[in-house]
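**Q** Show me the folded form of this:
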Amino acid sequence: MSYRASLSTGTRSGGQSASAKHRYQNRQDIYLVGREGVRDDLVAQGSGNLPAFAQGDAGAFWLAVDSFERKNARLFVELQLNLPAELTLEQQKVAVQSYMSELCDKEKLAYSWVIHHGKGENPHAHVMISEQKNDSINRPAEQHFMRWNSKHPERGGAQKSTALKPKQWLLDARGAWAMTANDALEKAGFKRHFDHRTLKEQRVSALLAKDWRKAAELDREVGEHEGWRVAALRRKHEAGELDELPEYAKDVIESNNSIQNINDAHLKMVTSMTDAQLEHWEREAYFVALAEREPERLGVEIEQLHSEALELDALHDAHSEALELDALHDAHSEALELDTLHDAHSEALELDALHDAHSEALELDALHDAHSEALELDALHDAHSEALEIDALHDAHSEALEIDAHSEALEIDALHDAHSEALEFADVVRSIEKIDLSIENQRERHSIYSLRAEHIKNDYQTLKRQQNALTANEANQNMPVKIFNKILKGLGFKSDSELLEPELERLSRSFSNAKSEREQAQSQLASLKKQRAELMSLDVSEPLREAVRLRRAANASAAEDYRFARKSLTAATLDLDKSFRNYAERDLQMIQQDLNKNDYTLEDMQSVQQQLEEFVDSIDAQLQKQAARQQDSQRPQSQPQPQENQRPGPRMG
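**A** Predicted coordinates for the structure are as follows:
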């Protein structure tokens, strides 16, 4: 079972409902029966940290979320977790409950979870988390979701957690689930095999550990997640229940099949390779990983390679010395042979002078040949030594050039990436945002056209059945009625079934138009997705996604602050001076213009937020000043004491 822990959020603007999501997960009401029959995969459920007004009923709590949560707030955060198939249901329930307690008990966040045992032995869990903290104050449902009052908590709603918004929370949550699942597997006697890291991160770890075979096996492509809709279409097509796949499902399935075939061929090739071949194959990727993750260790590796080169040089010198000793030994053997020849020569001189002269000539020829051979051996030895020295110098020079070239390539790649990111960052951000907006519009158009085509199709079928019934009724009429209908037709009157023909033709044309518009919207949607995929596949894709998320989050936060500032100004309108109110309206309009810019940056939104905070503070300060002035004007002035038997008169101004 592969690891999976994905996150999704529910908002009203996205068309989600917390109560509907909870009822779907628990297979309640209309969600008990699906397209393929009764959904009977629910095997366990639970909840925790629910506020007092819910009375332990998670369904009542999520219904209150839909009813009383603010319009622009997140309704819930959902996590989908793959469960280890080796564990029993009770062990899976313990693991999920332990994970939810670790995730939510610190801030007392309300949650609910279910376990589904789907088709194909695919046990998984769905968990829903609310961002409202459940403190010790007992509030009714309507007050629980009001804005938090820091000075008087009992007057406001429950405080919202900010821990679930950063990307780091998702990374920590994924890591925590991998740890919990592995602990459950180990406790049950199985091997730990859940890993929340990406294939790339796992491959880098294997390279740094010099596990060449595992690193090569992890060097594979990842297909697109098919989802339940495409997976159901795949099952029907493979079972022969569906003749033709829709275009969007066909593209995803063919792409995933192609990637799977490539990965299978790659794994087969890796299995057939030896450890030495794999080490040679992954050597370059190993040094790249060292340069990215452990540059100090890279320096140690280079020093070790240098030491090995020095050892090879020492071995080469020892080999050269051995060759010299062999040459000396040969020369000594030749000297001994010369001594033997000299003794033989002396004996020959004593026997016969002519024989000595002849022998001397022969010996001179032999000495000359031996001397020539010795010179040739010396020349060959010198040439061999020079060749070995040249090879050693060439190898050292090649290694130095490779190290320098690798370092320069890394530096050039880093400079090129930084330069490309600096040039294309802003343009790519805006392009992706425009494409995302276009994709949403095309999806909406496709949904509208699909719904319109379905309605037209139903109307057409209804009218067609009505026409068939009228035609059958006419056919069953008796002879006098048939003759009377023919007379009416001859006079220009049409039968009931013929009166429906224009309406049927109009509906047929409308259905064709809606179908073509839906296909056009689908084609444009595919094109936009392809453009977005190309933009997201750039080298700056990961920082680009992070920048887009940060900018959108900052813009949403600034928009929330703007609405709060507008509400504060509206509430204080009757108490403010007209001149100050006019200036405040002008300032708020200027801030709104900055907020609605298309090419805003993260710093722009932070500046807008600071301006809005100062704006709200200025309203409070102005109200305090006006209240102080009003109190001063209402304070009684000192009056002169009246004389005896004399009433005080009115004060003249």
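**Q** Where does pLDDT dip in the stretch 1-150 of the chain?
**A** 1-4, 119-121 (pLDDT under 70).
**Q** same deal with the stretch 501-650 of the chain?
**A** Checking the stretch 501-650 of the chain against pLDDT under 70 turns up 535-545, 635-650.
**Q** Which parts of it are helices?
**A** 501-536, 541-571, 578-595, 602-634 (DSSP state H, counting those that start in this stretch).
**Q** Would you tell me which of the ones you listed gets closest to A276?
**A** With Cβ to Cβ, the closest approach to A276 among the helices of the stretch 501-650 of the chain belongs to helix 541-571: 34.9 Å. Quick note: C-beta positions are derived from backbone N, CA and C, even for glycine.
**Q** Show me which positions of the closest one end up buried.
**A** Neighbour-count burial for helix 541-571 flags 544, 547-548, 551, 554-555, 558-559, 561-562, 565, 568-569 (criterion: 16 or more other Cβ atoms under 10 Å).
**Q** What is it packed up against?
**A** helix 353-475, helix 501-536, helix 578-595, helix 602-634 (3 or more Cβ pairs under 8 Å, 6 or more residues apart in numbering; DSSP states H and E).
**Q** Contacts for the shortest one, please.
**A** Identification of contacts with helix 578-595 by Cβ atoms under 8 Å, 6 or more residues apart in numbering yields 555, 558-559, 562, 565-566, 569, 573, 576, 600, 604-605, 607-608, 611-612, 615, 618-619, 622.
**Q** Quick check: buried residues in that helix?
**A** Those would be F580, R581, A584, D587, L588, I591, L595, for helix 578-595 by 16+ other Cβ under 10 Å.
**Q** Quick check: buried residues in the strand ranked longest in the chain?
**A** Longest strand in the chain, counting residues (DSSP state E): strand 122-133. Within strand 122-133, the residues that count as buried by 16+ other Cβ under 10 Å are P123, H124, A125, H126, V127, M128, I129, S130, E131, Q132, K133.
**Q** what packs against that strand?
**A** Judged by 3+ Cβ pairs under 8 Å, 6+ apart, the packing partners of strand 122-133 are helix 18-25, helix 58-68, strand 74-82, helix 89-104, strand 109-118.
**Q** need the contact list for E613.
**A** D561.
**Q** any idea how far F61 is from it?
**A** Here the criterion is Cβ to Cβ, to the nearest Å. By it, E613 lies 33 Å from F61.
**Q** same check, this time on R506
**A** Distance from R506 to F61, counting by Cβ to Cβ: 50 Å.
**Q** Which one's more surrounded, these two?
**A** Neighbour count, other Cβ atoms under 10 Å: between R506 and F61, F61 has more, with 28 against 12.
**Q** mind checking the SS state of R192?
**A** Of the three states, R192 takes coil under DSSP: H, G, I helix; E, B strand; the rest coil.
**Q** can you start the count at 29 instead of 1 from here on
**A** Okay, residue one is now 29; in that scheme the one you just asked about reads as R220.
**Q** Does it touch T208 like I think?
**A** No: judged on Cβ atoms under 8 Å, R220 makes no contact with T208 at a distance of 11.3 Å.
**Q** okay, those two: which has more neighbours?
**A** T208 (20 against 14).
**Q** Please, which helix or strand holds the more buried one?
**A** helix 195-215 (DSSP states H and E).
**Q** Thank you kindly, that will do.
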